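Asker: Got a predicted structure here, sequence first:
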Amino acid sequence: MKIKMNQAIVGLNGKQIELLEKKLNLGDVCAEALVNNHPDEKGVAGKEKLERFELAIKVYKGKDVELTSEEITLIKKLVAFSYAPLVCGQVWKMIDPKSSDHKD
């Protein structure tokens with residue numbers, strides 16, 4: 001699936017969030033989640049860390065990035081570990097629009 005990584009991450013006021021004088025976008029958030037260590041994950045092998053690093057570079061540098069369903073699933077999981085609902089919710093909707101089609 002092709003994803004536009006330059007989509008803005010916005011606050012509840014609808015304005016793009018700025019962090020350290022840089023406007024936050026989807027690629028920034030996904031890359032950061034991919035390269036972070038997550039306390040809920042123990043024993044991640046070096047090979048998987050390398051794959052995450054390479055994917056982080058791809059999403060950070062890319063404008064329109066082709067992602068596999070496995071890559072989308074991984075990014076969603078790691079973004080959920082790393083970010084609050086304000087950011088996580090936007091990312092999930094941007095990279096997997098069907099994720100908001102939940103049933104109660």
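Answerer: Yes, it's here. In this text the structure is predicted, and so the values were computed from the model without any measurement.
Asker: Give me the most central residue, this protein.
Answerer: In the chain, the C-alpha nearest the mean C-alpha coordinate belongs to Cys30, at 2.6 Å (Cα atoms, centre = their mean).
Asker: before we move on, which element is it in?
Answerer: Element membership of Cys30 [criterion: DSSP states H and E] is helix 26-35.
Asker: quick check: mean pLDDT across that helix?
Answerer: Across helix 26-35, pLDDT averages out at 97.
Asker: Now the helix or strand following that helix: average pLDDT?
Answerer: Using DSSP H and E, the next helix or strand after helix 26-35 towards the C-terminus is helix 46-61. Helix 46-61 carries an average pLDDT of 96.
Asker: any idea how far helix 46-61 is from the chain center?
Answerer: 12 Å (Cα atoms, centre = their mean, to the nearest Å).
Asker: Give me the helices and strands touching it, please.
Answerer: For helix 46-61, the elements it packs on are helix 26-35, helix 69-82, judged by 3 or more Cβ pairs under 8 Å, 6 or more residues apart in numbering; DSSP states H and E. All C-beta spots, glycine's among them, are computed from the backbone N, C-alpha and C.
Asker: Hey, what's the angle from it to helix 26-35? Just curious.
Answerer: Relative orientation of helix 46-61 versus helix 26-35 (axes from the mean of the first three to the mean of the last three Cα atoms, to 10 degrees): 170 degrees.
Asker: in its sheet, what does the helix or strand immediately after helix 46-61 in the chain sit against?
Answerer: Using DSSP H and E, the helix or strand that follows helix 46-61 towards the C-terminus is strand 64-66. Strand pairing for strand 64-66, determined by DSSP bridges: strand 2-4 (antiparallel).
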